[in-house]
Structures are given as C-alpha cells and as structure tokens.
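Engineer: sharing a model prediction with you, sequence too.
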Amino acid sequence: MTSIAELKGLQCDFAVVTGNPFRGILNAAEARGVDLIVMGAHRKQLLRDVFVGTTIERVIRTGQFPVLMVNAEVEHSYKKVMAAVDMSEPSARAISTAKETGLIGEASFSLVHGFDAFAKGKMSNAGIGKDELASYVATERSQVEKELIAFLEANDFDVDNWSLQIREGGPVEAIMEAINEVAPDLLVIGTHSRSGFIKLFLGSVTESLLRSVDVDVFAVPPIRS
C-alpha cells in the first residue's frame, strides 16, 4: 500500500476475492457498505474495450453503487465538471450524487443536452430555405432550454453559475462535441434501468462514452428495488 502515493495517510484495507471480477467487486462493495467504487481503465484500446465491456460496464449496469472510472493522471482536484443530462430522474440523481460526494467541489460546472430537430430533414427535403431552417432549429433550441431550466429548478439545482451546453444532435454526438470544446476533467452521467432490447439501446450511450472518452467518468445507477 505504501507504494501508492494517492493512498498515503489514508486508512485502507484490501481483499482478494475469487470468481468473476465484476461480481467479486460488487460483493466486496456490498459487504463493506461503500459509497463509491473507483476503477481504472486500461490504456491500450483493445484491452480497454475488453475490460470496460466485461468489468466496468457490468459493475455500472448491474450494481447499485456510483462508479468513478479514472482515465487521466491525478494531478489536482476536478476543476471543470460536465454532466450529461436527458432531463430524467437518473440525470437528477447523478448530479445530486456528484455534489454529495464532493467531486464537484469548487469546480466550474456545465450541463450538456442533445436534442433532435425532428422536422429539419422533412423541411430540407421540401426545399425550405436555410434561413427558415435556422429559425426553426433556433426555436427548438429555445424550447429545449426552457424545459432544461424548468427541470433543474424542479430538482432544486442552482443554475445561476452553471453553463448550459444545448446542442443539436444525438446524445453521444452532443456529449463528445461538448467535451472536445469545454475540455472537462470529469463527466457525470446517470444510467437507466431497462431490460431486453431497450436496455441494450439505452445502455449504448453510457457504453459508448466509457469506451471513447479520455476524461474521468462518474456513472450513477438508478435506485434498484
């Protein structure tokens, strides 16, 4: 333990468990009643994909604990935090949990939300001009912003000092674009509880981000009954 500088001065214990890695991690976490699971991602992409798909992703998808996946070297506390928001209960829970754990702290905080301008394609095919298309998208963006602010206020979040990144496009596209522009230290995301094909479809957003981003990811599962 003394060889790990980050653990210097902390009271730690360790356990070696046998069996499936993700189940062993969850069993150990449940036995200790932990508040947070911290895991590192392999740097080689192939190994990282295998590790994420079989361990980190399963711990997040099947467990009841928030998981911090660490990708970057630890140099300082988080200075810029971004939360991916779809205006659902899991999104609100993820933000609240990140605040409660102290991960946000004094960091600047921004939210990213992707929206689809559903009629844009049909309008374009109908020969609608660029100015009218731009006006339609701007109207949709304005409506989404009002809904997002209402969602934040309904959950008692102080939005005065938060930056809102409202971007046209799918969830992964919008989040990746915002990450590239804002360059946060940490991405906060809430996961959904679904089953079957719907679970696979909705889970693809979190899975894509876990495999793609180079920033740390704080994933918060829903409350499981």
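Structural biologist: Received the coordinates, thanks.

Engineer: give me the element residue 110 is part of.
Structural biologist: In the assignment (DSSP states H and E), residue 110 maps to strand 108-115.

Engineer: cool, residue 164 as well?
Structural biologist: strand 163-168.

Engineer: where along the protein do the helices fall?
Structural biologist: Shown for the chain, the helices assigned by DSSP state H span residues 21-32, 45-51, 57-62, 89-100, 120-125, 130-154, 171-182, 196-212.

Engineer: give me the number of residues near residue 98?
Structural biologist: 25 (other CB atoms under 10 Å). Placement of C-beta: from N, CA and C, glycine included.

Engineer: how about low-confidence regions in this protein?
Structural biologist: Applying pLDDT under 70 to the chain picks out residues 1-9, 42-54, 193-204, 224-225.

Engineer: from the centroid of it, which residue is nearest?
Structural biologist: In the chain, the centroid-proximal residue (CA atoms, centre = their mean) is residue 189; its distance is 2.2 Å.

Engineer: what's the closest non-adjacent residue to that residue?
Structural biologist: Spatial nearest neighbour of residue 189, chain neighbours left out: residue 84 (4.6 Å); criterion: CB to CB, 6 or more residues apart in numbering.

Engineer: cool, residue 90 as well?
Structural biologist: Using CB to CB, 6+ apart, the nearest residue to residue 90 is residue 190, at 3.3 Å.

Engineer: so the one you found makes contact with residue 96?
Structural biologist: No - using CB atoms under 8 Å, residue 190 makes no contact with residue 96, being 9.7 Å away.

Engineer: between those two, who's got more neighbours?
Structural biologist: Applying other CB under 10 Å to residue 190 and residue 96 shows that residue 190 carries more neighbours, namely 26 against 15.

Engineer: show me what contacts that one?
Structural biologist: Taking CB atoms under 8 Å, 6 or more residues apart in numbering, we find residue 190 in contact with 88-95, 219-222.

Engineer: show me what contacts the residue nearest to residue 189?
Structural biologist: Residue 84 neighbours (CB under 8 Å, 6+ apart): 91, 111-113, 171, 175, 187-189, 209.

Engineer: ok, the strand holding residue 110: who's next to it in the sheet?
Structural biologist: Looking at strand 108-115 with DSSP bridges, its partner strands are strand 80-84 (parallel), strand 163-168 (parallel).

Engineer: reformat the helices of the chain as JSON lines; add distance to residue 72.
Structural biologist: Below are the helices of the chain laid out as JSON lines (distance: least, CB to CB, whole Å):
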{"stretch": "helix 21-32", "distance to residue 72": "21"}
{"stretch": "helix 45-51", "distance to residue 72": "14"}
{"stretch": "helix 57-62", "distance to residue 72": "19"}
{"stretch": "helix 89-100", "distance to residue 72": "17"}
{"stretch": "helix 120-125", "distance to residue 72": "36"}
{"stretch": "helix 130-154", "distance to residue 72": "28"}
{"stretch": "helix 171-182", "distance to residue 72": "12"}
{"stretch": "helix 196-212", "distance to residue 72": "14"}
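
Engineer: and these: which comes nearest residue 13?
Structural biologist: Between residue 13 and these, the tightest spacing by CB to CB is seen for helix 21-32, at 8.4 Å.
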